[in-house]
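A.B. asks: build me a model from this:
(2 chains)
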Amino acid sequence: MAGSGKAHLRDKGDVLLRVEDLVVEFPVGRTGLKVHAVSGISFDVLRGETLGVVGESGCGKSTTGKAMMMLPRPNSGSVVFEGTELTGLPANEMRSARTRMQMIFQDPISSLNPRRKVRDIVREPLLIWKRGSEKEQLGKVDKLLEEVGIDPQRAAESQAHQFSGGQCQRISIARSLVLDPTLIICDEPVSALDVSVQAQVLNLLEDLKVKYGLTLVFIAHDLAVVKNISDRVQVMYLGKICEVAPSDSMYTSPAHHYTKLLLDSIPVPNPEVTVQPITVQGEPPSPVLPPPGCRFNPRCPAADDRCRSEEPQLRKVAEGHFVACHHPLFGGEAPVAVRTSTS
Amino acid sequence: MNTRLQAASRQVDGPLLKVTDLHTHFRTERGLVRSVDGVSFSLDRGKALGIVGESGSGKTVLSRSIMGLLPGRNTEKSGSVIFEGEEIIGLSLKARRKIWGREMSMIFQDPMTSLNPVMRVGKQIGEGLKIHLGMDNETARETALKLLQDVRIPEPEKRLDQYAFELSGGMRQRVMIALALACGPTILFADEPTTALDVTVQAQILELIGEQRRDRNMSVILVTHDLGVVAGHTDEIAVMYGGKLVEKAPTRTLFANMKMPYTEALLRSIPNIEDPSHTRLNVIPGRPPDLVNPPKGCRFSPRCEYVQPKCITEEPPLLTAEHAEHVYACWFPVGSPVYREKRAQLDKESKQKLSKTGVS
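C.D. replies: Here you go, the predicted model:
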């Protein structure tokens, strides 16, 4: 099978979400070609954990996030959330499952209805699901707005455009929490914000996560942001998973050449650090005709014939650290058991 | 190449660009928006200056005011911009057009919307060459090919006859750079040139701009919100806040010895890749000032941790630090006794807060 392996899936612990062999493809007009957005990936998220998903544009990270919500339904694969298989669920049951999993989007201003008052936007999910009396609903909305740092009085009188980008993102967060979900999928929630505001929103997400016992899937292209918020990080490239590891070990010892490239590309805010020349050139190829074998092979400094023909499977290189590479930066030929005991 | 010779022969003493007390205000329904409010600086030949600030700090309006790219209607401009010894504020459009492309050019943030969608790449690059340098079609095409090679676009011959939509984001930005470099400008403005690009491509583009700057002895003004981007790719940095220049210094001096609490707060709010995960981020509370009614005194005072009564009433002038090229606008800069006292107090408070909540 052309998947990327499942060695990293966990049986122990309280698994909230388990995705296996997820495939999402989109047709390209009437050409008969397909965009291979996500090509058979598997991962899991434990309750209370934050999974970070990083990768460049077009690597399928947002598609993965949406496929988990069945927006649209994946072409194949399974998504098990709180013990329920979502892929075969009838539409009405899926609707009620979505109250437990919510999403926050990248552009905070366009994801709020421009014509409505902000307080009504946050309240709407409660109205749709007829939860509580009017007084209870408004009480809950105001409490959430205060928690995210928005004045409820102002929210009752104002529309989204009267708030700044950072404030709109706070409003989106309040809206996502109003139905008491367990899982929040954040799709690039801070990439449209200034650094100073970004830090405010990241700290807020951390606080709310603890307070409401949330589980987060945090999708972003900024590695420093992802590292800061995640427990476990998953690196994606062209619809595949390259590497999965605990946040800190991913950054101290990346095993995949692509992860290393990403880390080396981050501009360091320190002029004393000499900028290392980037050895890898070019851009990701089109996901319409992905290269055979390892999808990173055309840009990889370590690629050989095997990489061009045989797809690497995810395997363990250290405790909790998995990589899909024939020639990883560490944990290569040596037996896996030896590696894990020393690390 | 003859343009570069021309530029050299015209060389005059002093800085390439000297901006003095530049104001750009926009008349709106809400009132006058003071986007650039009295900015002065100078830039030497061959140097790279980074202009850093949050959205709405006036950094883009500043670079466009210098270029002369702002609409005339409802805009109030004053101040002086001396470029190669000549005043360029108040030039006619006709005179401006002789400068654009040939002397000053600009790379924009969004490479898709800044390229002509219905003109082939080669023709687009050749257009400026023909108008400014009087090249014929054939020479212009050859030069365009050479430029595409310079910016290291894969398969340059093929790209000449392609349209912008057929190229990836990184390639389009390379075309923009080729276009900007075509007539050998002495100064290149790059307004958030990598914000729309992926990190791996961003690193390549920044390297390319730096390489072209050294090869052509060109000055670069890099406008960005990312302190990481400017740290490795500039000689000097100017920090803007609320339409004003609040600190300017050689890059190394700035990072080693920043004076303005705003610069420090901006740097500290970036998540550091070396910190363990779940490290609490330092935030700058509040939001950037409203440029219709900017705060009195220091414009950063409502958000400053170290604010003193004097900051709220009196606006600090630009002062010179130990390093002569280092200027800053702050009454109680980083490292001053008042700053240190307040810092110690803040540290104590946060420690008490932590011990109360039981977090170690």
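A.B. asks: quick one, phi/psi of residue A:67?
C.D. replies: phi -60, psi -30 (degrees, to the nearest 10).
A.B. asks: wait, what's in contact with it?
C.D. replies: Residues near residue A:67 by Cβ atoms under 8 Å, 6 or more residues apart in numbering or on different chains: A:22, A:24, A:38, A:73-74, A:79. Where you see a C-beta, it was placed from the backbone N, CA and C, and this is true even at glycine.
A.B. asks: state the distance from the residue nearest to it when sequence neighbours are not counted to residue A:46.
C.D. replies: Distances taken as Cβ to Cβ, 6 or more residues apart in numbering or on different chains place residue A:74 nearest to residue A:67, at 4.4 Å, with adjacent residues excluded. In this view, residue A:74 and residue A:46 are 22 Å apart by Cβ to Cβ, to the nearest Å.
A.B. asks: more neighbours: which of the two?
C.D. replies: residue A:74 (23 against 18; other Cβ atoms under 10 Å in any protein chain shown).
A.B. asks: re earlier: Throw the contacts of residue A:67 into TSV and include secondary structure, distance to residue A:251 and pLDDT, thanks.
C.D. replies: Formatted as TSV, those follow (DSSP: H, G, I helix; E, B strand; the rest coil; distance: Cβ to Cβ, whole Å; pLDDT from 0 to 100):
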residue	secondary structure	distance to residue A:251	pLDDT
A:22	strand	26	95
A:24	strand	28	95
A:38	strand	25	94
A:73	coil	35	92
A:74	coil	30	94
A:79	strand	28	95
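A.B. asks: of all these, which comes closest to residue B:261?
C.D. replies: residue A:38 (45.5 Å; Cβ to Cβ).
A.B. asks: doesn't residue A:74 make contact with that closest one?
C.D. replies: Yes: Residue A:38 lies in contact with residue A:74 (Cβ atoms under 8 Å); the separation is 7.3 Å.
A.B. asks: re the thing from before, among the contacts of residue A:67, who's most crowded?
C.D. replies: residue A:38 (28 neighbours).
A.B. asks: distance of that residue relative to residue A:72?
C.D. replies: 12 Å.
A.B. asks: now the common contact residues for those two.
C.D. replies: Common neighbours of residue A:38 and residue A:72 (Cβ under 8 Å, 6+ apart) are residue A:24.
A.B. asks: report the rounded mean pLDDT for stretch B:114-126.
C.D. replies: Mean per-residue pLDDT for stretch B:114-126: 93.
A.B. asks: for the chain, what spans make up the helices?
C.D. replies: In the absence of a named chain, this looks at chain A. With helices called from DSSP state H, chain A shows them at A:61-68, A:91-97, A:118-128, A:134-147, A:152-157, A:165-177, A:195-212, A:223-229, A:247-252, A:257-265, A:305-309, A:336-342.
A.B. asks: that's the wrong chain, I wanted chain B
C.D. replies: B:2-9, B:59-67, B:93-99, B:121-133, B:137-150, B:156-160, B:169-181, B:199-216, B:227-233, B:251-256, B:261-268, B:309-313, B:337-357.
A.B. asks: does the longest one reach chain A?
C.D. replies: Meaning helix B:337-357. No: remark: helix B:337-357 sits outside contact range of chain A, by Cβ under 8 Å from any Cβ of the partner chain, the gap being at least 11.5 Å.
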